[in-house]
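Colleague: Model the structure of this input:
(3 chains)
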Amino acid sequence: MNVLLDHLPEFRDGFIGTVLLTAASALLAMVLGLVMAGFRVSPVPPLRFFGTAWVTLFRNTPLTLLFLVAWFVVPAVFGTGMSPWTKALLALGFYTSAFVCEAVRSGVSTVPLGQAEAARSLGMTFFQTLRLIVLPQATRTVVPPLSSIFIALTKNSAIAGAFSVTELFGVQKLLSDKGFAIAPIFLWVALAYLVITFTISGLFRLLERRLEVAR
Amino acid sequence: MKLRKTAAVAIAVLALTATACGGESGTAGDKPKDPTGGKEAPKLPTYTVAKDVKIDSPALKKAQKAGKITFGAKNDQPYLGFEDTDGKRSGFDIEIAKMVAADLGFSADQITFKTVDSGVRETTISKGDIDLYVGTYTINDERKKQVGFAGPYFMAGADLLVRKDEKAITGADSLKGKKVCSIVGSTPLQEIKKPKYGAETVELSKYSECVQQLINNEVDAVTTDDAILKGYAAQRPTKLKVLGKPFTKEPYGIGMSKGDKALRDAVSDALEAHIKNGDYKKAYDATLGLSGSEFTEPPALERY
Amino acid sequence: MSSSVLYDAPGPKALVRNRIYSVVGSLLILALIGYAVLQLADRGHFAPEMWNIFNNAGVRANIRDGILSTLQVFVVAAVLSLVLGVGLAVARLSDHRAVSAVATGFIELFRAVPLLITIYAMWVLFLTYKENLGFIGESSAYWALVIGLTVYNACVQAEVLRAGVNAVPKGQVEAAYALGLRKSQVMTMLLIPQAVRSMMPTIISQLVVTLKDTSLGYIITYAELLYAARTMANNIIVNDDNPYVPVVIVVGAIYVAMCLALSSVATWIEKRGRRAKTGIVPAAAGEPLEAPGVLETAAGPVGPQAPGGPEGTEGPADKQN
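Modeller: Numbers count the residues shown, from 1 in each chain, chains lettered A, B, ... in the order given. Take a look at the predicted model:
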C-alpha cells in the first residue's frame, strides 16, 4: 500500500507515459498497416513485393533489435535529433504495423468474393472497390484481432522503459532498485497494465457490437 | 515451391552461422593503440594467494566451500572493467578484484566474473547473486542502506565526454539546453538532473551506448566518472575528448552484502595491504594509467 | 493470387499503367534503400574492416554461443509452455467452478502483464529465495527467463487450445458421452488431440513469438544472442567507431532465418492438415496471437470455423511469401 501512496507521482507519470506511447504507436501502426495491406493486394508487383518484405522483416525480428536499430542505425541514415520518445514510437509503430497489415489482409480475404466481383462489374476501379466495398466490410472481421494486437502493443511498450522513455516498467525498476519489496510493486504495476488492457478490449468489444448492428 | 525456397534459405543461413567456427584468432577490431609512445608497457603485478583464511563471514564460507568466488563487474569500460571478444577480462577493477581475492584465499582462476549492469547492481548484491562487486561503484548513503562497501579504493569525479570539435560545452555549467547521456541508476545522472544545470537527460543501460549516441551526434555530452570517460576517449582519440573538469567526487568502493562486517573488514585489510606494498600503483600503471590519467594516491579507507 | 478478384485482368492500357507504376514504385524503393546504403557507407559502416570482425574466431564463438543459449531457452520454454498450456486449458474448461476460476484468473493476469515485467519479477523472486530453490537458484537468470516465457506463453497457448476445443463439433462430444466415455476420456482422447491438430499453425506461430521474446533476457543480463551482439557492438572498436550496423544486420538476419524456419514448419503443417478430411479446418497460419482477444471470439469470424469461403481460397503459402 505504502509503495503506491508514497510514489504516486512516479506511478502516475509512468501510467501516462505508457498510455501516450501506446496510443501514438497504435495510430502509426494503423496507418502503416493499412498502406502495407493495400500494397500487398495491389496489382503492382513491386509494391506487393515491398509489402511482403516489410511484413516478413518486421514480424520475424525481435522488438528489442528494432529498438537498437532505431537508436543506432536510423540516426546514421536519416540524421539526428530524434527524441528517445520518437525512436520508441518508430520501433513500436513499425513492428506493430506488420501485424496490423496481416490482420487487415485476412479481413479483406473474408469479404465474400461476390462482393468484389459485383463492384468490379459495376465498373469500380481497384481503389474504389477497396475503399467503398471491401474495406468497410472487412472492418468487422478485423476488429477482434486488432484488439489483441493493440493489447500486445501496450505490453511491448514496456521495452521502451529500458531506452530512456518514462513508462510503467521504468517505475518498477526504479522502485525495486531503491530497495522496495518486489511483490507489491509488481502487483501495482500489473494492475495498471490490467486497467489499460481491459480498457482496450472493452472499447473494442463496444466497437464490435456497434458494427454488428450494421450487418 | 515458395515455401520450400523460404525454408531452404532459412536453413542455409542457419547452417552458415552454425558452422562459422574457426576464423582468425586474437581480438577483433583495431589493435589497441600504444599511448606510452613506444616505451615498454608496464606489467601487471602478481599477487600471492593467502592460505587458510578464516573469516567469520557466511558469504565467504560458502565461497570457500564451493572453491570459487563470484565477482560482479562491468564488461564495457576500457581500462577499468572490459571484456574482449575472447571473453578475457582486463582493467583496473579486475585487478582490484584479483588482489582482494588473493588475500581472501582465491587464486585468479578461482574467480568467476559476472557482468552486472549498473541498473541491477543493488538487486544482485543484496540478493547474494554475487559475492563482491567491483564496477566503478560509487559509495553513497542511499546505497549504503542496501549494500555494504569496503573502500574507497579510488577517487573519481563526474566529468563530461564531448566530441573533439565541441566548443560550446566547457564545463558542467554550460550544459543548459544540451542533451546529456548517462545510464540508469548512476550517481552523475542524479547530479546532472538537478535543475541548476538545465540539461536534458537521456538514460540508457550502458555507457558504451551513450558514447555511440555521442558519436552519432544524438547527444551533446556523456557524463559519468572521469576514469570511465578517459578510457572511452583513449579508445577513440580522433573523435572524443574529456573536459577534465570534474564536478563531483565519486569514491569507488567494493560492494557486498550489507550486514557482513567481517567480510567488509577483510576486504578493507586486503586493499590496505596492497596499497602499501605497491601492487596498487603497479596495477594502476598497467591499466588505467594507459588511458592517460595521472596516478593519484588512493583516498583514505573508510571503515565502519 | 486470391486478391486478383479485386481488379480485372489488366487490358493493354492497364498493363502500360501498371508497368509505369511498377517502374516508379521499384525506383522509389530502390532509391530509399540506395539512400540508406549510401548514408551508411558514407559514415564508414560498410568499410571492409568493419565487416572483417566476423572473421574473428572470438566473434564467431560469441555468436554461436548466443544462438545456442537462445535456442536452449527457447526449447525448454517451448516444451514447458505447451505442457502448462494444455493443463491450463483443461483447467479452464473444467466443470468445477473453483478450478476454472483459478485458471481463468491466472491466464488473464499473466497475459495482461508485459513479459518483461514477469521475467524481471521472476528473477528478483528467484534471487530472493535462491537458497531454497536448489538447481534453479544456481542459475537464476536462466530459469527466470525460461519460467517467465513459459508462464506467459502457456497462457496464450491455453487460450489457443481452448478455442480449438470449442471448435470441435458438439455432436462428437455428445456421441462420445453416449458411448459411455468419461469426462477425462473425452478430454484426452477426443478434444485435446483435435484441438491441437486444428490449432497447430497458430500454436507454432506463437512459438515464433516465444523464440523472438527470448531476446528480452537482456533485462536480467542473460547472455542470449541479442545480448551477446550488443556486448560485441559496444566493445569492438574499428576505425574509431563501433560496428553497430554490421552486427545489427547480421544478428537480424539470424533471427529472421530462425523465425522463418519455424514458421515454414507451420505452413507445412497447415498444408498437410488441409489434406486430411477431419471436418475441422486448421486455422490460417502466420498470425501469432500475441494477446487475448482473437481467441475470445473463437466462435466469431476469425476462429477456426470462420465463415466465408475465401479463407480457403487464400493459400497458406501466400501468407508467408
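
Colleague: Now look at the helix or strand hosting C:Ala163 and say if it contacts chain B.
Modeller: According to DSSP states H and E, C:Ala163 maps onto helix C:140-167. Yes. Helix C:140-167 comes into contact with chain B (C-beta under 8 Å from any C-beta of the partner chain), by way of C:Ser140. C-beta: built from backbone N, CA, C; applies to glycine.

Colleague: got a list of contacts for the helix or strand that that helix is followed by?
Modeller: Toward the C-terminus, helix C:140-167 is succeeded by helix C:170-178 as the next helix or strand (DSSP H and E). If you take C-beta atoms under 8 Å, 6 or more residues apart in numbering or on different chains as the criterion, helix C:170-178 is touched by C:185-186, C:189-191, C:194.

Colleague: And for whatever residue of the stretch 51-200 of chain B ends up closest to chain A, the neighbour number?
Modeller: Closest approach between the stretch 51-200 of chain B and chain A, counting by C-beta to the nearest C-beta: B:Gln146, at 4.7 Å. Neighbour count of B:Gln146, defined by other C-beta atoms under 10 Å in any protein chain shown: 17.

Colleague: residues contacting it?
Modeller: For B:Gln146, the contact set (C-beta under 8 Å, 6+ apart) comprises A:179, B:122, B:125-126, B:258.

Colleague: Quick check: phi and psi on it?
Modeller: Main-chain dihedrals, B:Gln146, degrees, to the nearest 10: phi -110, psi -30.

Colleague: What of B:Val222?
Modeller: phi -120, psi 130.

Colleague: I'd guessed it sits against B:Val211; true?
Modeller: Yes. Here B:Val222 reaches B:Val211: they are 5.9 Å apart, a contact under C-beta atoms under 8 Å.

Colleague: Now do the shared contacts for these two.
Modeller: Counting by C-beta under 8 Å, 6+ apart, the contacts common to B:Val222 and B:Val211 are B:161, B:232.

Colleague: How far off centre is the helix or strand A:Gly93 falls within?
Modeller: Using DSSP H and E, A:Gly93 maps to helix A:84-110. Taking C-alpha atoms, centre = their mean, to the nearest Å, the mean C-alpha location of helix A:84-110 is offset from the chain mean by 5 Å.

Colleague: so what pLDDT did residue 22 get?
Modeller: Because you didn't say which chain, this covers chain A. The per-residue pLDDT reported for A:Thr22 equals 91.

Colleague: My question was about chain C, not that one.
Modeller: At C:Ser22, the model reports a pLDDT of 83.

Colleague: check contacts around it.
Modeller: A:44-46.

Colleague: how close does it sit to chain B?
Modeller: Look at C:Ser22 and chain B: by C-beta to the nearest C-beta, to the nearest Å, they are 20 Å apart.

Colleague: Can you tell me how far B:Asp173 is from B:Thr248?
Modeller: B:Asp173 sits 13 Å away from B:Thr248, going by C-beta to C-beta, to the nearest Å.

Colleague: now swap in B:Gly105 and tell me
Modeller: 36 Å.

Colleague: what residue ranges in the chain score low on pLDDT?
Modeller: This is for chain A. A:1-4, A:80, A:176-179, A:181-182, A:212-215 (pLDDT under 70).

Colleague: if you could check chain C rather than the one you did, that'd help
Modeller: Filtered on pLDDT under 70, chain C yields the residue ranges C:1-10, C:130-138, C:273-321.

Colleague: quick one: what helix or strand has the residue in chain A positioned nearest to chain C in it?
Modeller: Residue of chain A nearest chain C, by C-beta to the nearest C-beta: A:Ser148 (3.1 Å). A:Ser148 is part of helix A:135-156 when elements are defined by DSSP H and E.

Colleague: follow-up on the earlier one: mind checking which of B:Asp173 and B:Thr248 has more residues around it?
Modeller: Using other C-beta under 10 Å as the criterion, B:Asp173 and B:Thr248 rank with B:Thr248 on top: 18 against 12.

Colleague: Chain neighbours aside, what residue packs nearest to that one?
Modeller: Leaving aside its sequence neighbours, B:Thr248 sits nearest to B:Ala158 (C-beta to C-beta, 6 or more residues apart in numbering or on different chains; 4.2 Å).

Colleague: for the one you found, which residues make a bridge with it?
Modeller: Beta-bridge pairing for B:Ala158 (DSSP bridges): B:Asp225.

Colleague: what sits against it?
Modeller: So B:Ala158 contacts B:172, B:187-188, B:191-192, B:223-226, B:246-248, B:250 (C-beta under 8 Å, 6+ apart).

Colleague: how about 10 Å then?
Modeller: When the contact criterion is C-beta atoms under 10 Å, 6 or more residues apart in numbering or on different chains, the partners of B:Ala158 are B:138, B:172, B:182, B:186-192, B:223-226, B:228-229, B:245-250.

Colleague: Need the pLDDT of B:Pro251.
Modeller: pLDDT, read off for B:Pro251, is 87.

Colleague: now swap in B:Asp265 and tell me
Modeller: B:Asp265 carries a pLDDT score of 85 in this model.

Colleague: ranges for the helices of chain A?
Modeller: Along chain A, the stretches classed as helices by DSSP state H are A:2-6, A:8-41, A:45-59, A:63-68, A:74-78, A:84-110, A:113-121, A:126-128, A:135-156, A:168-177, A:182-214.

Colleague: Could you say which one of those comes nearest to C:Tyr120?
Modeller: Among the helices of chain A, the nearest to C:Tyr120 by C-beta to C-beta is helix A:168-177 (6.9 Å).

Colleague: Tell me which other helices or strands that closest one touches.
Modeller: Under the contact criterion of 3 or more C-beta pairs under 10 Å, 6 or more residues apart in numbering or on different chains; DSSP states H and E, helix A:168-177 touches helix A:2-6, helix A:8-41, helix A:182-214, helix B:121-126, helix C:115-128.
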